[in-house]
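**Student:** No sequence on hand, only this structure:
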């Protein structure tokens, strides 16, 4: 959804993070587990992140860089400078360029948007590349289950790996993120902060689909 609650307890769990920054760590953990654990990103690999200015995407760009990858972020025109500032080596403005129709191929694609057909996104992978769908969408008929079923079937008939995953909160990963924070390798992107009594406004803002980083509701 893109909204996180801010709490001082969260800040204690992630040393070095402000309360608002600590509230974004679930998104950071999702990006970390997707890239490090599920995709096994290695130095020198090419990684593409869709929704690169969003909550998970903004962390994914930074974490992929910390893992030594060459990173391409996909975002709208107004977010190009933001994504570049996060460390992306290349930025694709989706209003001008369709990344699935270029000659560039990627070792890993973290698809936080899933706006393109699965077959089109697979064309942007290397022959042995890994695609991680992460938007929770997946098709009109089966919803998210549709992508999961397709991914499992296709992984059995191609050298490409399609790996849906579920992020699970782990204390060790919080410590890893704390280290990345304190060393300046990741920085939370917080779009707006709302008090609890304006949570409905926060939901409407997120539903519009143009958030930059995370929206935090203070408790």
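**Tutor:** Structure received. Just so it is clear, the structure is predicted and the values come from calculations on it, not from any experiment.
**Student:** C-alpha only now, for contacts and for neighbours.
**Tutor:** Will do.
**Student:** Could I get the buried residue list for the longest strand along the chain?
**Tutor:** Across the chain, the longest stretch assigned as strand under DSSP state E is strand 125-133. Neighbour counts over strand 125-133 (16 or more other CA atoms under 10 Å) mark 125, 126, 129, 130, 131, 132, 133 as buried.
**Student:** Just checking: what are the partner strands of it?
**Tutor:** Sheet pairing of strand 125-133 (DSSP bridges) gives strand 106-111 (parallel), strand 161-162 (parallel).
**Student:** Out of those, which is closest to residue 191?
**Tutor:** Nearest of those to residue 191, taken as CA to CA: strand 106-111 at 20.8 Å.
**Student:** Can you give me the buried ones in the following helix or strand past the closest one?
**Tutor:** Reading on from strand 106-111 to the C-terminus, the next helix or strand found by DSSP states H and E is helix 118-123. The neighbour-count check on helix 118-123 (16+ other CA under 10 Å) flags 118, 121, 122, 123 as buried.
**Student:** which among the residues you listed gets closest to residue 94?
**Tutor:** Nearest to residue 94 among the buried residues of helix 118-123, with distances taken as CA to CA, is residue 121, at 13.5 Å.
**Student:** need the contact list for the closest one.
**Tutor:** residue 100 (CA atoms under 8 Å, 6 or more residues apart in numbering).
**Student:** related to what we said a few turns ago, of the buried residues of helix 118-123, just say which sits nearest to residue 91.
**Tutor:** Nearest member of those to residue 91, counting by CA to CA, is residue 121, at 16.8 Å.
**Student:** Phi and psi next, for residue 195.
**Tutor:** Per-residue torsions, residue 195: phi -70, psi 160 (degrees, to the nearest 10).
**Student:** can you tell me how far it sits from residue 27?
**Tutor:** 20 Å (CA to CA, to the nearest Å).
**Student:** again, but for residue 72
**Tutor:** 19 Å.
**Student:** pLDDT weak spots in this structure?
**Tutor:** Within the chain, the stretches with pLDDT under 70 are 1-21, 136-157.
**Student:** With that, I have no additional questions.
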